[in-house]
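S.K.: Here is a sequence with its predicted model. Questions after.
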Amino acid sequence: MHRGRDHTLLDRTFQISLILKGLDGLLELIGGITLLLITPAQIAAVVRALTRHELSEDPHDLVANLLINYTDTLGVATTVFGAIYLLVHGIVKVFLVIAVLRDKLWAYPWLIGFLIVFIGFQGYELVINFGWALLLLTAFDIFIVVLTIREYRFHRQRRAAGPAEGSSTM
């Protein structure tokens, strides 16, 4: 079945977006494992080392001081919660992305629902504490949801039409 030039571009965009979302999930897994392996004191030491040069040039640097103040308040409970959050989120994301890339029809609604839940959470976070990075991440997630819904509808229609429509090559 030939889907046309627009569909091919959208299909590629969908696949690339999914791969990026899967890589994001892998980074979350790495971050979660890292949070389990290092202590809050080690995190604070790394942040101090990374911001030392900036603070020597500008002792009032807002970002550097915010990072240092934040890491000084980290406790074990916070890092464990962060680790569990990242691990669960990363595992689910990677699992669903792989299933959708393998064209498992059941995975499409799960991915859509999973992303909608996090879009809601991110929307709440944007209202409480606006950040451009979070806004861009939320916009990207909305974009992936729209493309996933489109792909899900296409695959359901294709499967409902049966194998005769898809087997035009001999």
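M.R.: Here it is on my side, so go on.
S.K.: Counting neighbours, show which residues of the longest helix anywhere in the chain come out buried.
M.R.: Selection of the longest helix in the chain by residue count, based on DSSP state H, yields helix 4-37. Within helix 4-37, the residues scored as buried using 16 or more other C-beta atoms under 10 Å are 10, 14, 17-18, 21-22, 24-25, 28-29, 31-32, 35. Every residue, glycine included, has its C-beta placed from N, CA and C.
S.K.: swap in stretch 123-130?
M.R.: Neighbour-count burial for stretch 123-130, counted by 16+ other C-beta under 10 Å, picks out no residue.
S.K.: With stretch 135-153 instead?
M.R.: L137, T138, D141, I144, V145, L147, T148, E151, Y152.
S.K.: Quick check: the fourth one vs H53, distance?
M.R.: So that's I144. 37 Å (C-beta to C-beta, to the nearest Å).
S.K.: now F14
M.R.: In terms of C-beta to C-beta, F14 sits 42 Å off from H53.
S.K.: What about the buried residues of stretch 135-153, which are in helices?
M.R.: Short answer: these in helices (DSSP H) are L137, T138, D141, I144, V145, L147, T148, E151, Y152.
S.K.: From those, pick the one nearest E57.
M.R.: Checking those against E57 with C-beta to C-beta, the nearest one is L137 at 30.0 Å.
S.K.: wait, what's in contact with the closest one?
M.R.: Counting by C-beta atoms under 8 Å, 6 or more residues apart in numbering, L137 makes contact with Q122.
S.K.: Use 45 as the first number from now on
M.R.: Understood, numbering begins at 45; the last thing we discussed is L181.
S.K.: Can you tell me how far it is from G119?
M.R.: On the measure of C-beta to C-beta, L181 and G119 end up 26 Å apart.
S.K.: and what of G75?
M.R.: 18 Å.
S.K.: What is the burial count for V124?
M.R.: Residues lying near V124 (other C-beta atoms under 10 Å) number 13.
S.K.: Quick one: mean pLDDT for the host helix or strand of it?
M.R.: For V124, the enclosing helix or strand under DSSP states H and E is helix 120-145. Taken as a whole, helix 120-145 has a mean pLDDT of 92.
S.K.: now for that helix, which elements pack on it?
M.R.: With contacts taken as 3 or more C-beta pairs under 8 Å, 6 or more residues apart in numbering; DSSP states H and E, helix 120-145 sits against helix 48-81, helix 84-101, helix 151-172.
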